[in-house]
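Peer 1: coords below, sequence missing:
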């Protein structure tokens with residue numbers, strides 16, 4: 001099984017208050033698709049736009065790639081190899 005695509009979905013509360021410290025105002029959901037039709041779903045409670053940028057960033061050379069470019073084609077169950085690649 002290999003990763004074929006990674007999608008990011010930034011979720012923002014309709015009435016976002018930038019002066020509030022509540023982390024429940026925004027979030028990111030990440031979908032990891034595989035060549036076997038299985039989709040993994042993840043979520044993190046950190047700056048969603050930062051996570052989105054780290055995943056979606058286009059590569060400029062072999063040492064400057066977004067996570068999406070690094071992880072496509074990899075086995076999602078080989079977590080040791082994934083961490084070493086990242």
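Peer 2: Looks like it came in fine. The structure presented is a predicted model; accordingly, all values stated were derived computationally and were not measured. Numbering: from 1, shown residues only.
Peer 1: the helices in the protein, which residues?
Peer 2: Listed in chain order, the helices of the chain (DSSP state H) span 48-56, 67-71, 79-85.
Peer 1: closest one to residue 2 among those?
Peer 2: helix 67-71 (9.7 Å; C-beta to C-beta). C-beta coordinates here come from the backbone N, C-alpha and C atoms, glycine included.
Peer 1: hmm, back to that, out of the helices of the chain, which one sits most buried?
Peer 2: Ranked by mean neighbour count, these are led by helix 67-71 with a mean of 18 (mean count of other C-beta atoms under 10 Å).
Peer 1: pLDDT value on the spatially most distant residue from the centre of the chain, please?
Peer 2: Computed with C-alpha atoms, centre = their mean, the maximum C-alpha offset from the centroid of the chain is found at residue 19, amounting to 26.1 Å. Residue 19 is assigned 72 on the pLDDT scale.
Peer 1: mind checking how far it is from residue 79?
Peer 2: Using C-beta to C-beta, to the nearest Å, residue 19 is found at 39 Å from residue 79.
Peer 1: cool, and residue 44?
Peer 2: For residue 44, the distance to residue 79 - C-beta to C-beta - is 16 Å.
Peer 1: ditto for residue 60
Peer 2: In terms of C-beta to C-beta, residue 60 sits 27 Å off from residue 79.
Peer 1: now residue 70
Peer 2: The gap separating residue 70 from residue 79 is 14 Å, by C-beta to C-beta.
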